[in-house]
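Student: sequence-free structure coming up:
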């Protein structure tokens, strides 16, 4: 591995490559900040610009855009509840609450730091075990993917708060919205009412922009416009306590993100949701999640970054894209005449290891660029809301239009903005709806593929060890409110007995006296 | 000790209506799924399965929620709570409602005029209207904000990313035809 790393550093550490990596990261951050323009769109738009570069330089720049966009998307999610990418939706839950409390600086800084740490750890894992995980991912057939999707749907339980039926209802609404469009199994157009625009389904990114950006904006106007936040400088910096609280969530987020990122098609969005779900289950401060807890910011961002790196495992080792952006990057590989697959590591070690080392460089640039800038970005909240909200509308509508160059996207943003506003007024949970929307199509695809595979076996196809373990995890998650309550009662019962014993003894002693 | 508050409060009309809408959505999807096949010719799962099952489940959960609310048993804290307009005088509440309607109407009108004026110009005019008329900021300041918005949007979307934004009637291609 040392030898490979040396090859990688020699290839990537030229002045030209570092410069284009910097440009990529910077452009990526700008693209990420703009709602609607995700890393996939950014990479696709800028591929023509890189055609005159050498393949390695071009791929380094495109990978820089990918990583930059992941972080850029979190900036607006935290500051103005406007997620730049689908994977940063979950950052709005706690990040925005932190910003409203005058802690936007620490939220942005911990997001950058968590993302950096997870990127470093996942890159080491990627370099060390890429072929192993690639083979493992190959063993994941439709039944295993179906089990993963069931596990994903079960996390709705942890996102539902105190009203589980309402959370379930929102999750089901998300699944049903995802049913609109051409069905993945038979190619039948469902609930499209003859509209060609709906054939591709209700566009996810536009729905997110509407629900979160416009919905929050209308809500702010309703409650009397958010006052400018003038935080003290020391409140804009990370404290030791913040770092201490962020350590375990970063580790958990990295593991969840890396494992899900290895699976083709699971995507970074699911990873960020699952990481948040893991925090809701395992974090010491789980009760504070949703009210501006640092765990709720750092874990999803760590998971997103780990997943985006792990996405390269199936992409490079198998030639199967891990997510939307790696699918576009795969196209870029082919444009440069590179054939990804098992032989790529042997045939073009300079390119592969140079690219992987450039991820290190890119993430260092990202951290150096964004950590000192976090308090500066936080100053955005000092702008009066009278000027801020027209700008949010402009970026939301412009970003939505540029997803597909279609006016339909603009209307979807406006309609779902009103839905988001109503949900905020009624305090309906949005996370289960988004989760249903993300998992719905993946779940149906896995269901159809599993049914093809099952034939006459029926449910027997699910009886593989991996599937059963994942389904057991899902069952444990669904029943967690029951068994955790029972566990808590069993734990407190002896204490209460002890307390009662003490009181009784005290009373007896008192009566004797 | 139960963590839920005692179910004593009266049902809240907006919440009942919202739960009713959710239930109706379940009914609509479930009923609509009968237009599609339950299974394909090869025996695999058809396009009706997911919407019918999810729609039916939503119908059941929706009815449960309506029943819960009608019996005054909703969770009063956290999810399902209508945020009250506390601290707003009736006059203030009226003003806020007017502003909300104006902002939503402005967004709708902007979307309608985009095919005529083009995207960037429509959004710039929208910014000018919202800052100068709705927010009653000084005209000079509003003009500066609108101009900066136009310039930044043009730089990023048109000059840098080369996204073909609609120009409406200002599109030279329209004039060349005439």
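Tutor: That came through fine. Bear in mind the structure is a predicted one, so any value in this text is a computation, not a measurement. Numbering: from 1, shown residues only, chains lettered A, B, ... in the order given.
Student: CA atoms for contacts and neighbours, from now on please.
Tutor: Fine.
Student: neighbours around the closest residue to chain B within chain A, how many?
Tutor: Residue nearest to chain B within chain A: residue A:426 (4.4 Å; C-alpha to the nearest C-alpha). Using other C-alpha atoms under 10 Å in any protein chain shown, residue A:426 is surrounded by 19 other residues.
Student: now the one 3 residues further on
Tutor: Counted with other C-alpha under 10 Å, residues neighbouring residue A:429 total 23.
Student: Model confidence for it, exactly?
Tutor: For residue A:429, the model assigns a pLDDT of 83.
Student: host element of it?
Tutor: Using DSSP states H and E, residue A:429 sits in no helix or strand.
Student: Low-confidence bits of the stretch 101-250 of chain A, can you list those?
Tutor: Within the stretch 101-250 of chain A, the stretches with pLDDT under 70 are A:131, A:133-138, A:158-162, A:225-236.
Student: Then chain B?
Tutor: If you take pLDDT under 70 as the line, chain B has these spans: B:1-9, B:73-87, B:177-178.
Student: So which residues of chain A form strands?
Tutor: Assigned by DSSP state E, chain A shows strands spanning A:181-182, A:189-190.
Student: May I see those arranged in TSV, with mean neighbour count and distance to chain B as well?
Tutor: Shown next, in TSV, are these (neighbours: other C-alpha atoms under 10 Å in any protein chain shown; distance: least, C-alpha to the nearest C-alpha, whole Å):
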stretch	mean neighbour count	distance to chain B
strand A:181-182	20	9
strand A:189-190	22	8
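Student: got TSV for the ones you listed, with distance to residue A:294 too?
Tutor: Shown next, in TSV, are the strands of chain A (distance: least, C-alpha to C-alpha, whole Å):
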stretch	distance to residue A:294
strand A:181-182	38
strand A:189-190	41
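Student: do you know which of these lies nearest residue B:95?
Tutor: With C-alpha to C-alpha as the criterion, residue B:95 lies closest to strand A:181-182 of the strands of chain A, at 40.5 Å.
Student: how close does residue A:211 sit to residue A:419?
Tutor: For residue A:211, the distance to residue A:419 (C-alpha to C-alpha, to the nearest Å) stands at 7 Å.
Student: still on that earlier bit, now do the same for the residue of chain A closest to chain B: its pLDDT.
Tutor: At residue A:426, the pLDDT value in this model is 85.
Student: cool, residue A:488 as well?
Tutor: In this prediction, residue A:488 carries a pLDDT score of 68.
Student: Break the chain down into its structural domains.
Tutor: Since no chain was named, I'll use chain A. Listed by automatic domain parsing, the domain ranges of chain A are A:2-478, A:479-513.
Student: ah, I was thinking of chain B
Tutor: B:13-70, B:109-173.
Student: Save those as JSON lines, and put in mean neighbour count too.
Tutor: Below are the domains of chain B laid out as JSON lines (neighbours: other C-alpha atoms under 10 Å in any protein chain shown):
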{"stretch": "domain B:13-70", "mean neighbour count": "19"}
{"stretch": "domain B:109-173", "mean neighbour count": "17"}
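Student: Return the residues in contact with the closest residue to residue B:165 other than its chain neighbours.
Tutor: Closest residue in space to residue B:165, ignoring its immediate chain neighbours: residue B:119 at 6.4 Å, by C-alpha to C-alpha, 6 or more residues apart in numbering or on different chains. Residues in contact with residue B:119, defined by C-alpha atoms under 8 Å, 6 or more residues apart in numbering or on different chains, are A:398, B:165, B:166, B:167, B:168.
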